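Student: Provided below for reference: sequence and predicted model.
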Amino acid sequence: MAKQTIRDLADVKGVRVFCRVDFNVPVDGGVISDDTRIRAAVPTLQHLLERGARLILASHLGRPKKGPAPEFSLKPCALRLQALLGREVVMAPDCVGDEVKKRSAALPEGGVLLLENVRFHPEEEKNVPEFAARLIADTGATVFVNDAFGTAHRAHASTEGVSKHVAKSVAGLLMEKEVRYLGMALEAPERPFVAVLGGAKVSDKIQVIESLLPRVDALLVGGGMAYTFFKAQGLATAKSLVEEDKVELAKQLLARAEGKLILPTDHVVAAAFKADAETKTLPVSEIPDGWMGLDIGPQTAAAFAARAAGAKIVLWNGPMGVFEMAPFAQGTLAMAKALADSSGTSIVGGGDSVAAVTQMGLAAKIDHVSTGGGASLEFLGGDVLPGVACLAEA
């Protein structure tokens, strides 16, 4: 699985490098509310710039459906990146065409050109070979660096197609880190290896559960998905979220798990899906009619935290409850603290899990906070990611 990286590039002085980054950040009225993904790309960009490369950056932003749209422009990202790098970032009006050719040709050594949103062209997501060829031809790039792990599960023109039109394709430092840490969970994990999975639905995590079960010493399940397993065990779930069509699968997974799949023992239940609803903390065998489970209970949080504390590797993906509502965030926050305090290797992925460690100021204490989202899940599920597979083998 090891791939060549930018460290394997012999000499990039004066070389035009097409670098796929993930600047898909939240933008409202031209203002970026979270620049985590832009900051995550900086080490790769600085490494290349310090060696005199001419950088051409490509990214998508949002999901434009009808071509160019001002609200999906990468211009705010150019300004933010300029501030982070402390050097000019030239913005192109498109990602292909005459203006791209001119601005790329004029780029000095150590210069940065950010192409406009690649998804303004439908050919990007369709991975049209001619469009991928234009991305390289119009920029004059001879090297492809993929540092956008978050889109590596998509075979798009700028994530996979361009690799066929350059002399060399390698991973950026962020991509390298993602593959290395997530690869620990799939290849040869130290033991004990504990995985913590949460989120609303079993269906979102089926592949991950099936992939991890043979590898882990314990798979701790929280969040809404736990209730499908409770239903499979014959427990009352009242109005809790249950995927009826996955109950039989949950039974099969429990049977195959041989005791490694650990469910909550207590939960926080509420009379309504509201932050100010009446709540109770009860054993999972108890839930009033018409109520719903919205978080793991304190007993479960303590037990899960103890498992995490004793692990050599602990992987966490998905919240333990309705994290956006304060009364049901305690289980997720407890897991965030447990991973931060863990002496083993800690790996966190998934939007709400990442948000929890970030909001608590604990991200720096986590060994790896994944920016991958869906790509992380597919990777952990054992899928081959096109944006990784196209890179040169180490």
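Tutor: Perfect, I can see it now. Nothing here was measured: the structure is a model prediction, and the numbers come from that model.

Student: What residue spans form the domains of this protein?
Tutor: As assigned by automatic domain parsing, the chain contains the domains 6-174, 181-380.

Student: any idea which of those scores lowest on pLDDT?
Tutor: Note on the domains of the chain: domain 181-380 shows the lowest mean pLDDT, a mean of 94.

Student: what's near enough to touch the residue nearest to Glu125 when sequence neighbours are not counted?
Tutor: Of all residues not flanking Glu125 in the chain, His156 sits nearest, at 5.5 Å (Cβ to Cβ, 6 or more residues apart in numbering). Using the backbone N, CA and C atoms, a C-beta is placed for each residue, glycine as well. His156 makes contacts with Val118, Glu124, Glu125, Asn127, as judged by Cβ atoms under 8 Å, 6 or more residues apart in numbering.

Student: which ones among those are found in helices?
Tutor: Glu124, Glu125 (DSSP state H).

Student: Columns neighbour count and distance to Asp138 on top of the contacts of His156, output as a markdown table?
Tutor: Below are these laid out as a markdown table (neighbours: other Cβ atoms under 10 Å; distance: Cβ to Cβ, whole Å):
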| residue | neighbour count | distance to Asp138 |
| --- | --- | --- |
| Val118 | 25 | 12 |
| Glu124 | 23 | 14 |
| Glu125 | 17 | 19 |
| Asn127 | 18 | 17 |
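
Student: those helices in the chain, which residues are they?
Tutor: Using DSSP H, helices in the chain cover 36-50, 75-85, 98-105, 123-126, 129-139, 173-186, 206-212, 226-232, 247-257, 298-309, 330-341, 351-359, 374-380, 386-389.

Student: which strands and helices sit next to the fourth one?
Tutor: Spelled out, that is helix 123-126. Counting contacts by 3 or more Cβ pairs under 8 Å, 6 or more residues apart in numbering; DSSP states H and E, helix 123-126 is packed against helix 129-139.

Student: Mind listing what's buried along the helix it packs on?
Tutor: Phe131, Ala132, Ala133, Arg134, Leu135, Ile136, Asp138, Thr139 (16 or more other Cβ atoms under 10 Å).

Student: Same check on stretch 45-65?
Tutor: Result for stretch 45-65 [16+ other Cβ under 10 Å]: buried residues 45, 47-49, 51, 53-61, 64.

Student: for stretch 369-387, same thing?
Tutor: 369-373, 375-381, 385-387.

Student: Tell me the residue in the chain that is farthest from the middle.
Tutor: In the chain, the residue that sits farthest from the middle, by Cα atoms, centre = their mean, is Asp289; the gap is 37.1 Å.

Student: Need the nearest residue in space to it, chain neighbours excluded.
Tutor: Using Cβ to Cβ, 6+ apart and skipping the chain neighbours, the partner closest in space to Asp289 is Ala238 (5.7 Å).

Student: and what of Gly52?
Tutor: Lys13 is the one closest to Gly52 (Cβ to Cβ, 6+ apart), at 3.7 Å.

Student: again with Met225
Tutor: Spatial nearest neighbour of Met225, excluding adjacent residues (Cβ to Cβ, 6+ apart): Val202 at 4.6 Å.

Student: For the one you found, give me its contacts.
Tutor: Taking Cβ under 8 Å, 6+ apart, we find Val202 in contact with Ile209, Met225, Thr228, Phe229, Glu243, Lys246, Leu249, Ala250.

Student: Over to Ile313?
Tutor: Met184, Ala185, Pro189, Glu190, Phe193, Val194, Gly344, Thr345, Ile347.

Student: Just the buried subset of these, please.
Tutor: Met184, Ala185, Pro189, Phe193, Val194, Gly344, Thr345, Ile347.

Student: Contact partners for the residue nearest to Asp289?
Tutor: Val269, Ile287, Pro288, Asp289, Gly290, Trp291, Met292, Gly293 are the contacts of Ala238 under Cβ under 8 Å, 6+ apart.

Student: Name the residues of stretch 197-204 that come out as buried.
Tutor: Under the neighbour-count rule (16+ other Cβ under 10 Å), stretch 197-204 has Leu197, Gly198, Gly199, Ala200, Lys201, Val202, Asp204 buried.

Student: quick one on the thing from earlier: need the buried residues of helix 129-139 in JSON lines with distance to Asp22, can you?
Tutor: Below are the buried residues of helix 129-139 laid out as JSON lines (distance: Cβ to Cβ, whole Å):
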{"residue": "Phe131", "distance to Asp22": "19"}
{"residue": "Ala132", "distance to Asp22": "18"}
{"residue": "Ala133", "distance to Asp22": "23"}
{"residue": "Arg134", "distance to Asp22": "21"}
{"residue": "Leu135", "distance to Asp22": "16"}
{"residue": "Ile136", "distance to Asp22": "19"}
{"residue": "Asp138", "distance to Asp22": "22"}
{"residue": "Thr139", "distance to Asp22": "18"}
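
Student: Kindly indicate which of those lies nearest Gln233.
Tutor: Ala132 (49.8 Å; Cβ to Cβ).

Student: what about that closest one, distance to Val162?
Tutor: For Ala132, the distance to Val162 equals 5 Å [Cβ to Cβ, to the nearest Å].

Student: cool, and Ala218?
Tutor: 42 Å.
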